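Visitor: Take this sequence and fold it.
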Amino acid sequence: MTAGGSDLPAALPARDPRGHKGTFGTVLVVGGCSVGTRRMIGAPALTAIGALRAGAGLARLLVPRPILEAAITIAPSTTGHALEVDDNGAIIPHLAAESFDRHSVDAQSIVIGPGLGEAPGVESLTLRAVMQMDAPVVVDADALNALASMPDITRDVRARAILTPHPGEYRRLADSLSIRHDAVDPTTRAAAADALAQRLGVIVALKGPQTIVSDGHRTWTCGLICPALATGGTGDVLAGVIAGLVAQFVPPLAFLRLPKRPAGKPLDLWEATCLAVQAHAIAGQAWSVKHKATGGLLATELADEIPEALERLRSPN
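Guide: Residues are numbered from 1 along each chain as shown. Model (predicted):
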């Protein structure tokens with residue numbers, strides 16, 4: 001299937017009017033960096049805000065201890081948990097894996113990667129996320145680079161995963177898998193997304209003008225172009241929106257083999273990702289119209305536009 005931006009594969013389901021924060025799912029965001037003098041605090045916070053703006057009931061941050069309070073200050077509607085670090089601020093790998101297991105156990109979706117940086121603890125966390133099978137995981141940013149460095153990537157990825165690379169991150173992953181498609185050329189971007197999705201058995205959202213979403217069999221192209229989105233932090237918001245929709249509307253693994261999906265969980269991962277990408281683009285365009293500008297968008301402003309953008313995709317029933 002190849003479709004334009006207005007030809008979405010599904011409508012966004014209605015929310016249960018009697019639902020509560022437990023009904024609408026918990027998103028765990030694993031990210032942030034405190035190595036040496038380097039601080040990356042905003043990325044995981046923006047991802048958590050994106051998940052909440054998409055309607056998730058709860059968002060949790062799992063970030064290095066030195067930046068935990070700052071991250072919660074940016075996203076005060078979240079709860080926060082600390083990753084233990086060494087004297088240089090680097091994540092301690094074995095303790096990171098233990099923290100991940102403890103705090104992901106009841107999450108309905110996970111985002112791994114925003115602002116994580118590069119260190120052995122990042123690889124440990126990424127491996128833990130993609131090997132677990134309980135919750136769908138959005139693999140973003142630095143986790144994509146960590147994934148590309150793993151020698152047994154095709155065997156390690158067991159999770160129901162959504163990869164969200166921009167062309168540079170795609171290239172590193174593709175090189176590690178000997179995939180030769182061009183992720184920049186508009187005539188080959190769909191084939192590039194398809195190839196990576198097929199090789200790893202994942203959903204790929206290949207970002208850029210007219211983002212492409214593929215599960216290796218179905219391919220959808222967002223028909224909307226919004227230059228205002230070409231700024232730092234908007235990809236973090238997208239990762240959160242994807243995870244927020246997955247937490248709300250994609251059934252748990254235990255239900256996938258049943259003939260009928262549970263009430264309120266009618267979407268699959270590919271459909272949820274397509275809807276998130278479309279809403280993200282609509283939100284960017286809405287900001288541009290409101291401000292009569294094609295640049296200057298802040299990621300926090302983009303997140304504020306997400307609820308109204310999603311309502312435009314909502315099923316009337």
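
Visitor: how about the helices of the stretch 201-317 of the chain, start to end?
Guide: 234-249, 269-291, 299-311 (DSSP state H, counting those that start in this stretch).

Visitor: Deepest-packed of those helices, please.
Guide: helix 234-249 (a mean of 30; mean count of other C-beta atoms under 10 Å). From N, CA and C alone the C-beta is placed, and that goes for glycine too.

Visitor: who does that helix touch, helix- and strand-wise?
Guide: Helix 234-249 is packed against strand 26-30, helix 42-53, strand 109-112, strand 137-139, helix 269-291, helix 299-311, with contacts defined by 3 or more C-beta pairs under 8 Å, 6 or more residues apart in numbering; DSSP states H and E.

Visitor: pLDDT on it, on average?
Guide: Here helix 234-249 scores 98 as its mean pLDDT.

Visitor: Residue 207 contacts residue 235, correct?
Guide: Yes. The criterion here is C-beta atoms under 8 Å, and residue 207 meets it with residue 235 at 6.4 Å.

Visitor: Let me see the contact set for residue 19.
Guide: 57, 264 (C-beta atoms under 8 Å, 6 or more residues apart in numbering).

Visitor: contacting residues for the residue lying closest to residue 14 once chain neighbours are set aside?
Guide: Of all residues not flanking residue 14 in the chain, residue 315 sits nearest, at 5.7 Å (C-beta to C-beta, 6 or more residues apart in numbering). By C-beta under 8 Å, 6+ apart, the contact set of residue 315 is 11-14.

Visitor: can you pick the most crowded of the residues you listed?
Guide: Within the contacts of residue 315, most neighbours by other C-beta atoms under 10 Å means residue 12, with 25 neighbours.

Visitor: partner residues bridging that residue?
Guide: Beta-bridge pairing of residue 12 under DSSP bridges involves residue 314.

Visitor: Tell me how far the residue nearest to residue 267 when sequence neighbours are not counted lies from residue 266.
Guide: Sequence neighbours aside, residue 249 is the residue nearest to residue 267 in space, at 4.3 Å (criterion: C-beta to C-beta, 6+ apart). Residue 249 sits 7 Å away from residue 266, going by C-beta to C-beta, to the nearest Å.

Visitor: Common neighbours of these two, please.
Guide: In contact with both residue 249 and residue 266: residue 13, using C-beta under 8 Å, 6+ apart.

Visitor: from memory the residue nearest to residue 267 sits against residue 264, does it?
Guide: Yes. Residue 249 is within contact range of residue 264, at 7.2 Å (criterion: C-beta under 8 Å).

Visitor: Name the residues contacting each of these two.
Guide: residue 13.

Visitor: show me where the protein has strands.
Guide: 26-30, 58-64, 79-83, 109-112, 137-139, 161-163, 203-206, 212-214, 219-221 (DSSP state E).

Visitor: got any ranges where the stretch 1-150 of the chain has weak pLDDT?
Guide: 1-6 (pLDDT under 70).

Visitor: 50 instead, please
Guide: Scanning the stretch 1-150 of the chain for pLDDT under 50 picks out 1-5.

Visitor: What pLDDT is listed against residue 253?
Guide: In this model, residue 253 is scored at 79, pLDDT.

Visitor: For it, which residues are in contact?
Guide: The contact partners of residue 253, taken as C-beta under 8 Å, 6+ apart, are 133-134, 160.

Visitor: buried subset of these?
Guide: When the contacts of residue 253 are checked for burial by 16 or more other C-beta atoms under 10 Å, the buried set is 134, 160.
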